[in-house]
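[1] for reference, the sequence and a predicted model appear below.
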Amino acid sequence: MLAKKILNLITVLCLFFLLTPAGLAYASTLDDLTRQKKELQNSLNANMQQINSLQDRIASLDAQTGATQKEIDLTNQIITLTNEQITQTQTQINLKQQELTQKQGELHETIRVLYETGQPTTLEIIAGANNLSDASSRAQYMESLSDQINAQAEAIIKAKTDLENKKSDLQSQEQSLEGQKTDLANKQRNLRNQAAAKNRLLSEANSEQSQLQGDLDDVSEAIYAERQRLGGYTSGGTGGYPWANSSPCTASGSCPADPWGFGIRQCTSYAAWYFNVIEGKSWDNTRPGSGSAWNWPALAADQGYSVSSTPRAGAIASWPRGGIYGSYGHVVIVRSVNSNGTINVSEYNWVKYSYSERNNVSPSGARFIY
């Protein structure tokens, strides 16, 4: 008998898992489904914040990598120019060396001629001269020629020395630039490694987002299915709502808006359209990002409307979050009030993204805006 009971229990559990979306063990009550949806939505929101943070960090790292590459390119340009200067300087050094060699040759030739002809003494110069003035001129010429050659050689040596010093400075500069280039390359490599690590985390976060989104969609479908199981509504037609065939909001946050700032084919968009177009009243989303159905009493206060617990035909009814009304609450248009205090309503997205009507709805917990 015990074995049979265990077998029956296993069979029931297997059927339960097989019949739930994506194999998730969803609870059968709207309260539990709503709690699961809220938890999943919170996880998805945290996941999207992580993705945004990673994307921002990756963009920053990419920008730094690009800036570093520009520094490397600039450093390479400076190195190229420095190498050209070194080459030009070496060419100038070679030219000066050629001039110096030439002057040294001239000096050697002068000395050779003097010694070959015999360097005359002062008396010989005087004796061979026509007069003292001529002798003096010859002596001064020989001395001047030697001094001139020596002076030219010294100038060339100084110029060559200056060029060699310049070349040494340029080579030091080039070495320093090569060091900077190496440091920049290491920095760039580090930035790319960081970006690669962030991209891996981003890929994981995107995969997690897909999983969370799938789970959230499954829970949302389960909530709609539970509402359908509970029944009590009629559907069909559009109620005159003009965006009945437009693409609706998605659970990921992509949400085309109506002229009043509410996501189309949502309960809030239908109620805003009805108030503005059918009743000729003014109603807008005065709190972007906080315009969910549960917060409509606050939007009513912003716009000077009364908020009451007493239902009235043509009023907006707003229910708080939780239970059958999900994590965003729910708003409807009150079509009429019954003698027993219940209300008949028209609404959107009670049946998924569609128009529907319900009768004899309990007003319990609702706030009425008119």
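    Thanks, I have the structure now.

[2] all strands of the stretch 251-370 of the chain, in order?
    Assigned by DSSP state E, counting those that start in this stretch, the strands in the stretch 251-370 of the chain fall at 307-308, 316-319, 330-337, 343-351, 354-361, 367-369.

[3] strand partners of the shortest one, parallel vs antiparallel please.
    According to DSSP bridges, the neighbouring strands of strand 307-308, each with its direction, are strand 367-369 (antiparallel).

[4] got a list of contacts for the strand it pairs with?
    296-297, 300, 305-312, 315-318, 334 (CB atoms under 8 Å, 6 or more residues apart in numbering). Where you see a C-beta, it was placed from the backbone N, CA and C, and this is true even at glycine.

[5] biggest separation within those residues, which pair?
    In the contacts of strand 367-369, two members sit farther apart than any others by CB to CB. They are Trp296 and Thr310, at 16.3 Å.

[6] list the buried residues of stretch 341-361.
    Neighbour-count burial for stretch 341-361 flags 342-358, 361 (criterion: 16 or more other CB atoms under 10 Å).

[7] on that earlier part again, of all the strands of the stretch 251-370 of the chain, which one is nearest Gln104?
    When the strands of the stretch 251-370 of the chain are compared (using CB to CB), the closest one is strand 343-351, at 102.3 Å.

[8] before we move on, the earlier item: name only those of the contacts of strand 367-369 that count as buried.
    Trp296, Pro297, Ala300, Tyr305, Val307, Pro311, Arg312, Ala315, Ile316, Ala317, Ser318, Val334.

[9] between the residues you listed, which sits nearest Arg35?
    Among the buried ones among the contacts of strand 367-369, and counting by CB to CB, the member closest to Arg35 is Ser318, at 21.0 Å.

[10] so the closest one bridges to which residues?
    For Ser318, the beta-bridge partners under DSSP bridges are Val331, Arg367.

[11] and it, what's its pLDDT?
    Looking at Ser318, its pLDDT is 98.

[12] which ones are touching it?
    Ala293, Trp294, Trp296, Pro297, Gly329, His330, Val331, Ala366, Arg367, Phe368, Ile369.

[13] for the closest residue to Gln50 other than its chain neighbours, give me its contacts.
    Of all residues not flanking Gln50 in the chain, Ala205 sits nearest, at 5.2 Å (CB to CB, 6 or more residues apart in numbering). By CB under 8 Å, 6+ apart, the contact set of Ala205 is Asn47, Gln50, Ile51, Leu54.

[14] just Phe275 next, same as before
    Counting by CB under 8 Å, 6+ apart, Phe275 makes contact with Lys281, Ser282, Trp283, Ile316, Ile333.

[15] possible to save the buried ones among the contacts of strand 367-369 as a markdown table with distance to Lys166?
    Shown next, in a markdown table, are those (distance: CB to CB, whole Å):
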| residue | distance to Lys166 |
| --- | --- |
| Trp296 | 81 |
| Pro297 | 83 |
| Ala300 | 83 |
| Tyr305 | 85 |
| Val307 | 86 |
| Pro311 | 95 |
| Arg312 | 95 |
| Ala315 | 91 |
| Ile316 | 86 |
| Ala317 | 89 |
| Ser318 | 84 |
| Val334 | 93 |
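
[16] pick the one among those closest to Asp62.
    Ranked by distance to Asp62 (CB to CB), the buried ones among the contacts of strand 367-369 are led by Trp296 at 43.1 Å.
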